[in-house]
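>>> The following comprises the amino acid sequence and a computationally predicted model.
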Amino acid sequence: MIPLVDSATMRECDAREVARRGVAALVQAAGVRVAHEAHQMLGNLYGRRICVLVGPGLNGADGRAAASTLRARGSHVDVVSVDHQPRNFRGFDLVIDAAFGLGCSRPYLAPDVASGTLVLAVDLPSGVDADTGAVLGRPLQANVTLALGALKYAHFDGVAAAYCGEVRFASIGIDAPLDNALIEDSDLDTYVAMQHDDHKWTHAISVLAGSSRMPGAAALVCAGALSAGASMVRLESKGEIAAVVTLPVEVVRARGPEVDPRSRCVVAGPGLGNKAGSWLRERLDDTSLATVFDADALRMDLVTMRRHAPRVLTPHRGEFERMSASTLGSNRITAVRELAQSTHCIVLLKGPTTIIADPEGHVRVVTSGTPTLASAGTGDVLSGMIGAAIARGHHPLEAASLSAHLHGRASARLGTFETASSLAGAVREELKSRMRIL
């Protein structure tokens, strides 16, 4: 995971590192990484025209250190102070924005940049609030933002996120807390491995999904669960679906109203229809199993009746707004935290950037999704995957976060116009490439 921190925490981390290494060493480390990123963006440095826009603080010092390294590698570098910045920049291959980073608290009007000029923002685009993602004035539109030491909320939240371009990360040796974090590929290596003594009930789940009107949802949930390692899937649907959809042959058909207590998790809601409240209540009321609530189960009366059991809610934007009774604005992290705290649930808000929060305020961010996931049924696959991850022993926050990242990575294996029914196979291949048998 890559740490995600607020500005106060980042300043504390910087202060500890300065006390340990000294400010010059920290600035030099940052400058080298910024120069390396400039090299990545330009392909080569020799003879390139680069402008470094610097301010008075550490961000400006990082920019000056980068300028020194770039000159040593053959670039023509102009260092321009924000106090004397021109109205526009012309004739440069790259502009490095090191004016105001973490500490920007006043409006800043960036100069205009000629069309075709690349922009690299150091830590944050100058003119944004690191914690809220609010825009203070007129930032430069970055092609790449290089986060130093830790990611900041403005990289993913608020209006500022649109100014960051592609967010990349440089640790520069700073030890930041992982209370809040971005999930990365290496985290999938922690997915609970298969044991030699596993049997069919070890990671079993129960699924309450599907109806005669929406039978496919049940098949997709079950396929997602099996692809992510559920050892048995017991499915109960609202009405008969066998005549209209082909289920994975491994799925066992169940008849309620009780959930099998040998299951490790329940996934409830997809394809049941909006009048399934009493049907679900009858089946969920007496179980203490962890439950994933998706689609038609995302109702406050169902969610709040089971406070004694771990619960994961997986809304898309419309479902989130219905549950929270408010319009979802640009500050999605704050909104997800608030719903998690008010419902005492893990909340996963689906989207191009997926936000997950627990009732204690811990946040996970997932950015691995592709446009392939913007099609019907992919969320059903995800809910089955989360159920399987919980059944495999992951804490619900971890299960939701790892599953969302795996879901995104699997979608990258598919073509742009692939459908949800292809996704489970891609999940299986992605996970197989990482898992081992102990």
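Looks like it arrived, so ask away.
>>> Just the buried residues of the helix or strand encompassing Ala15, please?
Using DSSP states H and E, Ala15 maps to helix 7-21. Residues of helix 7-21 classed as buried by neighbour count (16 or more other CB atoms under 10 Å): Ser7, Thr9, Met10, Cys13, Asp14, Glu17. Placement of C-beta: from N, CA and C, glycine included.
>>> what separates the fifth one from Asp123, distance-wise?
Using CB to CB, to the nearest Å, one obtains 11 Å as the distance from Asp14 to Asp123.
>>> Might one say that Glu236 is in contact with Glu258?
No: counting by CB atoms under 8 Å, Glu258 is not a contact partner of Glu236; they are 9.8 Å apart.
>>> How is the chain divided into domains?
Listed by automatic domain parsing, the domain ranges of the chain are 2-181, 187-432.
>>> Generate CSV for the ones you listed, with mean pLDDT as supplementary columns.
Below are these laid out as CSV (pLDDT from 0 to 100):
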stretch, mean pLDDT
domain 2-181, 95
domain 187-432, 92
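>>> Do you have the helices of the stretch 151-300 of the chain handy? List them.
216-227, 277-284, 300-303 (DSSP state H, counting those that start in this stretch).
>>> secondary structure class for Gly415?
Classification of Gly415 by DSSP: H, G, I helix; E, B strand; the rest coil places it in coil.
>>> Show the contacting residues for it.
Neighbouring residues of Gly415 by CB atoms under 8 Å, 6 or more residues apart in numbering: Thr372.
>>> quick one, what contacts the nearest residue to Asp175 once chain neighbours are set aside?
In this structure, Asp175 finds its nearest non-sequential neighbour in Cys13, 6.8 Å apart by CB to CB, 6 or more residues apart in numbering. Listed by CB under 8 Å, 6+ apart, the contact partners of Cys13 are Val5, Gly149, Ala150, Ile174, Asp175, Ala176.
>>> Cross-check the contact I'm expecting between the last one and Gly149.
Yes: because the distance of 6.0 Å satisfies CB under 8 Å, Ala176 is recorded as touching Gly149.
>>> any shared contact partners between these two?
Shared contacts of Ala176 and Gly149 (CB under 8 Å, 6+ apart): Met10, Cys13.
>>> Tell me where the stretch 201-350 of the chain has strands.
For the stretch 201-350 of the chain, the strands defined by DSSP state E, counting those that start in this stretch occupy 204-211, 232-238, 252-253, 265-268, 290-293, 311-313, 346-349.
>>> who wins for proximity to Ile96 among those strands?
In terms of CB to CB, the element of the strands of the stretch 201-350 of the chain nearest to Ile96 is strand 346-349, at 33.6 Å.
>>> And the closest one, how far out from the chain middle?
Mean C-alpha position of strand 346-349 versus that of the full chain (CA atoms, centre = their mean, to the nearest Å) differs by 11 Å.
>>> How about stretch 347-354?
On CA atoms, centre = their mean, the centre of stretch 347-354 falls 7 Å from that of its chain.
>>> Looking at the strands of the stretch 201-350 of the chain, which is nearest to Gly116?
Set against Gly116 and scored by CB to CB, the strands of the stretch 201-350 of the chain come closest in strand 346-349, at 36.0 Å.
>>> Contacts only, for Leu284.
Leu208, Val259, Val266, Ala268, Thr291, Leu302, Met305, Arg306.
>>> Now, of these, which are buried?
Buried members of those, scored by 16+ other CB under 10 Å, are Leu208, Val259, Val266, Ala268, Thr291, Leu302, Arg306.
>>> Among the residues you listed, which one sits closest to Gln40?
The shortest approach to Gln40 among the buried ones among the contacts of Leu284 belongs to Thr291, at 44.6 Å (CB to CB).
>>> ok, the closest residue to the closest one other than its chain neighbours - contacts?
Distances taken as CB to CB, 6+ apart place Val266 nearest to Thr291, at 4.4 Å, with adjacent residues excluded. Each residue near Val266 by CB under 8 Å, 6+ apart is listed here: Ile205, Ser206, Val207, Leu208, Val259, Leu284, Thr287, Leu289, Ala290, Thr291, Val292, Gly387.
>>> How many residues are close by the closest residue to Val347 other than its chain neighbours?
Distances taken as CB to CB, 6+ apart place Ala340 nearest to Val347, at 4.3 Å, with adjacent residues excluded. By the criterion of other CB atoms under 10 Å, Ala340 has 25 neighbours.
>>> can you check Val366 too?
27.
>>> picking that back up, the residue nearest to Val347 and Met385: what is the separation?
Distance of Ala340 to Met385, given as CB to CB: 20 Å.
>>> Spatially central residue in this structure, please.
By CA atoms, centre = their mean, the chain has its centre lying nearest to Val366, at 1.4 Å.
>>> Just to check, it is in contact with Ile183?
Yes: under the criterion of CB under 8 Å, Val366 makes contact with Ile183 at 5.1 Å.
>>> Spell out which residues are contacts of both of those two.
Joint contacts of Val366 and Ile183 (CB under 8 Å, 6+ apart) are Ser401, Ala404, His405.
>>> For the longest helix anywhere in the chain, C-alpha coordinates in CSV please.
Using DSSP state H, we find that the single longest helix of the chain is helix 23-42. C-alpha atoms of helix 23-42 as CSV (Å, rounded to 0.1, in the frame of the first residue of the first chain):
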residue,chain,number,x,y,z
VAL,A,23,16.9,19.2,5.1
ALA,A,24,19.6,19.2,2.4
ALA,A,25,19.6,15.4,2.1
LEU,A,26,15.8,15.3,1.9
VAL,A,27,15.6,18.1,-0.7
GLN,A,28,18.3,16.4,-2.8
ALA,A,29,16.4,13.1,-2.7
ALA,A,30,13.3,14.8,-3.9
GLY,A,31,15.1,16.7,-6.6
VAL,A,32,16.7,13.6,-8.0
ARG,A,33,13.3,11.9,-8.2
VAL,A,34,11.7,14.9,-9.9
ALA,A,35,14.6,15.0,-12.4
HIS,A,36,14.1,11.2,-13.0
GLU,A,37,10.4,11.8,-13.6
ALA,A,38,11.2,14.6,-16.1
HIS,A,39,13.4,12.1,-17.9
GLN,A,40,10.6,9.6,-18.0
MET,A,41,8.2,12.2,-19.5
LEU,A,42,10.6,13.5,-22.1
